[in-house]
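>>> quick one: sequence and predicted model below, then my questions.
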Amino acid sequence: MAKSNYRIAPSILSANFARLGEEVDNVLAAGADIVHFDVMDNHYVPNLTIGPLVCEALRKHGVTAPIDVHLMVKPVDRIVPDFAKAGATYITFHPEASEHIDRTIALIKENGCKAGLVFNPATPLDVLEYTLDKLDMVLLMSVNPGFGGQKFIPYVLDKARKVRQMIDARGLQVALEIDGGVGPANIAEVARAGVDTFVAGSAVFGKRNDADPNRYDSIIGQLRAELAKV
Ligand code: DX5
Ligand code: ZN
């Protein structure tokens with residue numbers, strides 16, 4: 001994995017929602033690559049967050065960076081076209097939340113978005129056998145989904161190595177993303193396991209210093225410096 005291909009994806013779950021547009025502008029200006037957008041429905045996960053209207057509002061605000069919509073919702077299909085229209089770049093979903101995984105992947109692509117599957121820490125990877133070549137991204141949860149600020153679950157590193165091996169063995173260009181408990185202390189170790197796209201919520205937005213107009217430069221810089229050691 002070439003170092004320049006590492007991508008940092010701040011999760012706006014930990015941003016200040018009262019001034020979300022500005023928060024997103026600031027992390028992108030600080031060098032973040034992707035906006036990670038957590039959608040929770042109080043059904044698939046015990047929390048409720050944001051939907052297509054907020055995604056559309058970010059596009060109208062002028063955000064041009066990729067928006068990585070992580071659907072923690074059940075059912076999945078109904079909401080896919082809405083997010084596509086709202087400007088999503090990636091749409092990822094949890095396989096156990098869809099009755100027909102192949103159909104949902106096709107639906108995401110037909111709507112012009114990149115498709116990804118998300119695996120909870122204890123969810124096996126078996127569905128990748130028949131889906132990996134159709135995917136643009138595999139997202140490994142390194143916490144149980146629903147909340148920011150949880151502790152990284154180390155056995156997911158093993159899973160990351162397995163997925164990296166599958167991607168490389170098939171000569172595919174699928175992004176391998178990790179989500180949960182990632183920060184400067186462990187990002188290098190996660191990269192060594194084969195991950196190329198790093199979600200970080202509380203590690204980034206928790207470093208807010210309202211007195212400093214460039215408040216995310218230092219944390220994004222720290223994450224990049226750690227990645228440069230890999
Ligand atoms: C959890 C979400 C994550 C969350 C990560 O269900 O999918 O994207 O924001 O937060 P941190 O980085 O604080 O663990
Ligand atoms: Zn997420």
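Yep, it's here. Residues are numbered from 1 along each chain as shown. Ligands and ions are numbered 1, 2, ... in the order given.

>>> for Ala200, what are phi and psi?
Phi and psi for Ala200, reported as degrees, to the nearest 10, are phi -150, psi 120.

>>> next, count neighbours for it.
Using other CB atoms under 10 Å, Ala200 has 29 other residues around it. For the C-beta atoms, the positions are set from N, CA and C on the backbone; glycine is no exception.

>>> now it. Nearest residue, chain neighbours left out?
Once flanking residues are discounted, Ala200 sits nearest to Val182: 4.9 Å by CB to CB, 6 or more residues apart in numbering.

>>> quickly note the distance from that neighbour to Arg224.
According to CB to CB, to the nearest Å, Val182 and Arg224 sit 13 Å apart.

>>> tell me which helix or strand the closest residue to ligand 2 within the chain sits in.
When scored by CB to the ion, the chain has His70 as its residue closest to ligand 2, at 3.8 Å. In this assignment (DSSP states H and E), His70 forms part of strand 67-72.

>>> is any part of stretch 35-51 close to ligand 1?
Yes: using CB under 6 Å from any ligand atom, stretch 35-51 reaches ligand 1 at His36, Asp38.

>>> meant to ask about stretch 125-140, not that
No: between stretch 125-140 and ligand 1, judged by CB under 6 Å from any ligand atom, nothing touches; the nearest distance is 8.6 Å.

>>> what's the top helix by length along the chain in contact with?
Of all segments of type helix in the chain, defined using DSSP state H, the longest is helix 156-169. By CB atoms under 8 Å, 6 or more residues apart in numbering, the residues outside helix 156-169 that reach it are 119, 121, 125, 128, 132, 138, 140-142, 174, 176, 178, 189-190, 193-195.

>>> what is the helix or strand following it packed up against?
Next in sequence after helix 156-169, counting helices and strands by DSSP H and E, comes strand 175-179. Counting contacts by 3 or more CB pairs under 8 Å, 6 or more residues apart in numbering; DSSP states H and E, strand 175-179 is packed against strand 114-119, strand 137-141, helix 156-169, strand 197-200.

>>> and Gly181, backbone torsions?
With angles defined as degrees, to the nearest 10, Gly181 sits at phi 70, psi 20.

>>> could you say which helix or strand contains the nearest residue to Ala15 once chain neighbours are set aside?
By the measure of CB to CB, 6+ apart, the closest residue to Ala15 outside its immediate chain neighbours is Glu23, 4.1 Å from it. In this structure, Glu23 is located in helix 20-29 according to DSSP H and E.

>>> near ligand 1, anything from the strand holding His70?
Yes: Strand 67-72 lies within reach of ligand 1 by CB under 6 Å from any ligand atom, at His70.

>>> list of residues touching that strand?
Under CB under 8 Å, 6+ apart, the answer for strand 67-72 is 9, 34-41, 44-45, 55, 58-59, 79, 83, 87-94, 97, 118, 137, 139, 145-146, 177, 179, 199.

>>> now the buried members of these.
9, 34-41, 44-45, 55, 58, 79, 83, 87-94, 97, 118, 137, 139, 145-146, 177, 179, 199 (16 or more other CB atoms under 10 Å).

>>> overlap between the residues you listed and the residues near ligand 2?
Of the residues in these, proximity to ligand 2 by CB under 5 Å from the ion holds for Asp38, Asp179.

>>> I'd like to know which of the buried ones among the contacts of strand 67-72 are part of helices.
Counted as lying in helices by DSSP H, out of the buried ones among the contacts of strand 67-72, are Cys55, Leu58, Phe83.
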